[in-house]
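Q: Here is a sequence together with a model predicted from it:
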Amino acid sequence: MVTEPAQRVLYVDDAPPLVFLVTRALEKLGVAAQGFASADEALTAFRHEPRAFTLVLTDFTMPGGMSGLELAQSVLAIRPDVAVVIASGCIDPAETQRAAAVGVRTVIQKPAKVAEMAQLVRGLLQDL
């Protein structure tokens, strides 16, 4: 008997406390999550195990390195079928169009609360 692989989320945000809180909130909901505060480190983990992730959720704006859009492009170049979602507190329509053009499934508004983000991710996984 072949079993379905567990759903696993790769969560990326440049705020380490938020990464910690969101990944813990996801785990409490029964969602396996691996979080990174660096897009470069997240991409390294993805390259190491590209089939391990069902969903990649990244912040759009990450200063000091790779942006969420650049991360999305890199992830999708490795594995075009993975679901990539970008979260942002503020994103203009042109950036949303650029994200769609590279294959991002959706751009979401960052909720104000960590629990809301975890519930949102859980809902996204149910739609896959």
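A: In hand now; what should we look at?

Q: When you work out contacts or count neighbours from here on, use the C-alpha atoms and nothing else.
A: OK.

Q: Tell me where the model's unsure across the protein.
A: 1-6 (pLDDT under 70).

Q: Quick one: the strands in it, in order.
A: 8-12, 32-36, 55-59, 83-88, 106-109 (DSSP state E).

Q: tell me what the fourth one is packed against?
A: So that's strand 83-88. Judged by 3 or more C-alpha pairs under 8 Å, 6 or more residues apart in numbering; DSSP states H and E, strand 83-88 is in contact with strand 55-59, helix 68-78, strand 106-109.

Q: and the first one, which strands flank it?
A: Meaning strand 55-59. strand 8-12 (parallel), strand 83-88 (parallel) (DSSP bridges).

Q: what do you get for the shortest one?
A: Strand 106-109 sits in its sheet next to strand 83-88 (parallel), going by DSSP bridges.

Q: Next, the angle from the partner strand to helix 68-78.
A: Angle of strand 83-88 versus helix 68-78, following axes from the mean of the first three to the mean of the last three C-alpha atoms, to 10 degrees, is 180 degrees.

Q: Pull out the buried residues from strand 83-88.
A: Neighbour-count burial for strand 83-88 flags 83-88 (criterion: 16 or more other C-alpha atoms under 10 Å).

Q: Now distance to A45 too, for the strands paired with strand 55-59, in TSV please.
A: What follows is the strands paired with strand 55-59, written out as TSV (distance: least, C-alpha to C-alpha, whole Å):
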stretch	distance to A45
strand 8-12	9
strand 83-88	15
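
Q: quick check, nearest of the buried residues of strand 83-88 to I108?
A: The closest of the buried residues of strand 83-88 to I108 turns out to be A87 (C-alpha to C-alpha; 4.8 Å).

Q: list the contacts for the closest one?
A: Counting by C-alpha atoms under 8 Å, 6 or more residues apart in numbering, A87 touches 57-60, 107-110.
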